[in-house]
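**Student:** Just to be clear, the model below is a prediction. Sequence and coordinates:
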Amino acid sequence: KSKRKTAFGSVGRRIPYRILHLINQDGESLGNMHRAEALKLMDQLGLKLVLLQENAEPPVYRLMTGQQIHEEQLRRAEKKKASPKPGMYIKELSFSSAIAKNDLETKTKQIMQWIEKKYHVKVTIRQAK
């Protein structure tokens, strides 16, 4: 199985499940039905089938218009933008208080580069012996 999450959208006629739970465009449950019945209903109503929950038993599909699919894609994109980025980068740098001037300048340049890349920087200064 692919680890990659599929994009939200119409699945068309490629439905790998024989039995599926169908929801109409108004959000009302139509119950469990065979894949062929769902495709026939999709054609009659001129709608598209969209997978909502793959993990459910049987998988949940919804009949949607193109406009509903577009609005749902926009909602999901906004939600994804609002969520925090996974994996915040934290860079740590430590040096002695007896550091040479040239080494200090080099490390300062490194810190500035990290800050430009939006990393969080932690600096530790150890006391010289």
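**Tutor:** On my side now, so go ahead.

**Student:** And the helices in the protein?
**Tutor:** 35-45, 66-82, 101-116 (DSSP state H).

**Student:** Next, the contact list for the closest residue to Ile15 other than its chain neighbours, please.
**Tutor:** Nearest residue to Ile15 in three dimensions, chain neighbours excluded: Arg35, at 5.0 Å (Cβ to Cβ, 6 or more residues apart in numbering). (Glycine included, C-beta is placed from N, CA and C.) Applying Cβ atoms under 8 Å, 6 or more residues apart in numbering to Arg35 gives the contacts Ile15, Tyr17, Arg18, Ile19, Leu20.

**Student:** would you turn the helices of the chain into TSV with mean pLDDT and distance to Lys122?
**Tutor:** Listed next are the helices of the chain as TSV, based on pLDDT from 0 to 100; distance: least, Cβ to Cβ, whole Å:
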stretch	mean pLDDT	distance to Lys122
helix 35-45	88	55
helix 66-82	83	27
helix 101-116	91	10
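
**Student:** distance of Pro59 from Lys81?
**Tutor:** 28 Å (Cβ to Cβ, to the nearest Å).

**Student:** got the domain boundaries for this structure?
**Tutor:** Following the TED database, one finds the domains of the chain at 19-82, 90-126.

**Student:** okay, how far is it across the shortest one, tip to tip?
**Tutor:** One end of domain 90-126 to the other measures 19 Å (Cα to Cα, to the nearest Å).

**Student:** list the buried ones in it?
**Tutor:** Judged by neighbour count using 16 or more other Cβ atoms under 10 Å, the buried positions of domain 90-126 are Trp114, Val121.

**Student:** can you check stretch 23-30 too?
**Tutor:** Under the neighbour-count rule (16+ other Cβ under 10 Å), stretch 23-30 has Ile23 buried.

**Student:** likewise stretch 60-75?
**Tutor:** Neighbour counts over stretch 60-75 (16+ other Cβ under 10 Å) mark Val60, Tyr61, Arg62, Leu63, Met64, Ile69, Glu72 as buried.
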